[in-house]
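*Asks:* Pasting a predicted model and its sequence here:
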Amino acid sequence: MELAGRTRRGDKDLRRQRSTVRAGEMFHSTPPPDLIFRPALPSRPDTARGQRSTMKACGVSRAQPEVTLLELPEPTPPGPGQILVAVEAAGVGPWDVLEIDSSWDVGLRPPAALGVEGAGNVLAVGTGVTRFSVGDRVLAHAAPLPGGSGFWAERILINADHAAACPPELDAAHAAALPVNGLTALQALEKLDLSPGQRLLITNGAGATGALAVQLAAAQGIEVTATASATGAERLIGLGAREVVDYHDPHWTTQVRDGFDAALIIAAGTAVEALPLVRDGGWLCSLTSDAPAEERGITSWDLYIEPNGAQLAQLAQQAATGTLKLAPEPMPLSEGPAAFTRVVAGRAGGKKIVLIPG
């Protein structure tokens, strides 16, 4: 996701993008597409009568804020610059709770499906869309949601420039597990702008975002130290971390050598602990909206991200070739409420839960 008016590290104008997702780890078969919007085929009978068909979804109603299963009207045909997508898989993240009370305003209009990331097949394209055609496989992080409803449904309307082509080697579950976590990790590292050989501390390295940040940083030659549970240490070493520290140890900060060039905060509440470990003049980037006040010349900021189709295409290619490893856990859309509860409670166990319609 491209940071609008992106600033490089050290700039005083490190803007907070309030309309975009707080993308940190805040707590540690679709119906046949040829039935709608294909010009050569007849409309469904109910569509011909001017009524919109319904689809299965998981989200919130107008009356209740609880996440529940829903029957929603199918999206309207895409407008200029938009595409209609038949959802194959949709990601679930802790940020989805922010959509319910508009803490993160993505244009949700209840009753509506939640979810701002996923993968699927293009059913129809609006005027001005040249990058995609009907039948293309895509993945996307969509915010705002032009149709007022999200990815936890059989269909979704999104802005075409938020989408990327999905490589044929990348299945739907892995594609849906990538957008928000991958873009968060990539954009954070771009803003930190570290060089090979420099040292980076990542808290919650075993989470979905942290594991991708470890891989991306290590691939750049950055020396990564990550916090995680003891059970996650071997996996993170395999992903490229130089050192893994057990965050359950209340004195974990004494178990690492200080003087880090930068810290990437993905575990809520660890920014204050990590700051003393950063060298004078270093950088601290928080994904959990708790960046501490700057001191000792350290630049400290909160990162908020935006969709970026070009960056997502880059990440998708890396995932397709196996240079980025993902850990999706598919669940049926019918289990969406339980999946949401599990993720918000921090019980995903390092997996990325994705919902599969059908």
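*Replies:* Yep, that arrived.
*Asks:* residue ranges with poor pLDDT in this structure?
*Replies:* Within the chain, the ranges that satisfy pLDDT under 70 run 1-51, 63.
*Asks:* Name the residue closest to the centre of it, please.
*Replies:* With distances taken as Cα atoms, centre = their mean, Val180 lies nearest the centre of the chain, 1.3 Å away.
*Asks:* by contact count, what packs against the host helix or strand of it?
*Replies:* Under the criterion of DSSP states H and E, Val180 resides in helix 179-192. Identification of packing neighbours for helix 179-192 by 3 or more Cβ pairs under 8 Å, 6 or more residues apart in numbering; DSSP states H and E yields strand 82-91, strand 117-125, strand 137-141, helix 208-219, strand 260-265, strand 278-286, helix 309-321. C-betas here are computed from N, CA, C, even on glycine.
*Asks:* Partner strands of the third one, with direction?
*Replies:* Spelled out, it's strand 137-141. Strand 137-141 has its sheet partners listed here by DSSP bridges as strand 117-125 (antiparallel), strand 163-165 (antiparallel).
*Asks:* Show me the contact partners of that strand.
*Replies:* 1, 83, 85, 88, 116-122, 132, 158, 162-166, 168, 170, 175-176, 178-180, 183, 307, 309, 312, 316 (Cβ atoms under 8 Å, 6 or more residues apart in numbering).
*Asks:* Tell me the strands beside the next helix or strand after it, with direction?
*Replies:* Using DSSP H and E, the helix or strand that follows strand 137-141 towards the C-terminus is strand 155-159. Strand 155-159 has the following sheet partners, assigned by DSSP bridges: strand 82-91 (antiparallel).
*Asks:* any idea how far the strand it pairs with is from the chain center?
*Replies:* Its chain's C-alpha centre and that of strand 82-91 lie 15 Å apart, by Cα atoms, centre = their mean, to the nearest Å.
*Asks:* got the angle for that strand vs helix 179-192?
*Replies:* 90 degrees (axes from the mean of the first three to the mean of the last three Cα atoms, to 10 degrees).
*Asks:* tell me the angle of strand 82-91 relative to helix 208-219?
*Replies:* 100 degrees.
*Asks:* got the CA coordinates for strand 82-91 in CSV?
*Replies:* Output of strand 82-91 as CSV, limited to C-alpha atoms (Å, rounded to 0.1, in the frame of the first residue of the first chain):
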residue,chain,number,x,y,z
GLN,A,82,-13.9,-0.4,-10.3
ILE,A,83,-14.0,-4.2,-10.6
LEU,A,84,-16.5,-6.8,-9.3
VAL,A,85,-14.8,-9.8,-7.8
ALA,A,86,-16.1,-13.3,-7.0
VAL,A,87,-14.3,-13.9,-3.7
GLU,A,88,-12.3,-17.2,-3.4
ALA,A,89,-10.7,-16.4,0.0
ALA,A,90,-10.7,-13.5,2.4
GLY,A,91,-8.2,-12.6,5.2
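*Asks:* May I see the buried residues of that strand?
*Replies:* Gln82, Ile83, Leu84, Val85, Ala86, Val87, Glu88, Ala89, Ala90, Gly91 (16 or more other Cβ atoms under 10 Å).
*Asks:* Many thanks, have a good one.
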